[in-house]
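# Structure here, sequence nowhere to be found:
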């Protein structure tokens with residue numbers, strides 16, 4: 001599965017879920033891609049998503065993006081994420097049933113309030 005040098009814990013699991021969704025989307029929408037992995041455009045999106053997860057102000061207590069009161073994606077990347085998730089979400093049940101169910105359960109959690117100071121993954125990495 002996806003390996004990230006920046007992320008750990010819940011954020012790494014979230015990144016793996018996003019990566020699985022992007023792979024499903026890319027396989028269906030970009031037929032001319034490398035034999036393994038995703039196309040360059042989808043890889044660029046994954047790199048952006050990893051950076052945003054690393055800088056999420058909620059850190060390991062991050063809610064699902066759908067429930068999050070802080071919108072950290074740029075508008076065009078947010079639209080791309082929405083497009084990927086709308087297509088891949090229903091198709092996640094067969095190839096990745098546990099990921100899909102865990103994500104659906106996480107979306108049922110209530111929206112958090114204001115994020116605490118200094119708990120982003122990036123902030124904690126720089127302190128170490």
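Looks like it arrived, so ask away. Owing to the predicted nature of the structure, the values given are computational and were not obtained by experimental measurement.

# do you know how far residue 24 is from residue 92?
Residue 24 sits 7 Å away from residue 92, going by Cβ to Cβ, to the nearest Å. Any C-beta I mention is one placed from the backbone N, CA and C, and that applies to glycine too.

# repeat for residue 49
If you measure residue 49 against residue 92 using Cβ to Cβ, the figure is 16 Å.

# just residue 66 next, same as before
In this view, residue 66 and residue 92 are 14 Å apart by Cβ to Cβ.

# Comparing the two, which shows the higher neighbour count?
When residue 66 is set against residue 92 and neighbours are counted by other Cβ atoms under 10 Å, the residue ahead is residue 92, at 20 against 11.

# Check which helix or strand the nearest residue to the more buried one once chain neighbours are set aside maps to.
Distance criterion Cβ to Cβ, 6 or more residues apart in numbering; nearest residue to residue 92, sequence neighbours excluded, is residue 100 at 3.9 Å. With secondary structure defined by DSSP states H and E, residue 100 is part of helix 97-107.

# one step back: show me the contacts for the residue nearest to residue 92.
Contact criterion Cβ atoms under 8 Å, 6 or more residues apart in numbering gives 89, 92-93 as the residues in contact with residue 100.

# Check which helices and strands the biggest helix by length in the chain is in contact with.
For the chain, the helix reaching the highest residue count under DSSP state H is reported as helix 9-29. Using 3 or more Cβ pairs under 8 Å, 6 or more residues apart in numbering; DSSP states H and E as the contact criterion, the neighbours of helix 9-29 among helices and strands are helix 40-54, helix 75-88, helix 97-107.

# picking that back up, pLDDT and distance to residue 15 added to the contacts of residue 100, as TSV?
Shown next, in TSV, are the contacts of residue 100 (pLDDT from 0 to 100; distance: Cβ to Cβ, whole Å):
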residue	pLDDT	distance to residue 15
89	91	16
92	94	15
93	93	20
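
# so how far is residue 128 from residue 17?
Separation of residue 17 from residue 128 (Cβ to Cβ) stands at 25 Å.

# Closest one of the contacts of residue 100 to residue 110?
Within the contacts of residue 100, the smallest distance to residue 110 is 20.7 Å, found for residue 89 (Cβ to Cβ).

# Might you report the residue contacts of the closest residue to the closest one other than its chain neighbours?
Counting by Cβ to Cβ, 6+ apart, residue 89 lies nearest to residue 21, which is 7.1 Å off, once chain neighbours are set aside. Residue 21 makes contact with 84-85, 88-89, 92 under the criterion Cβ under 8 Å, 6+ apart.
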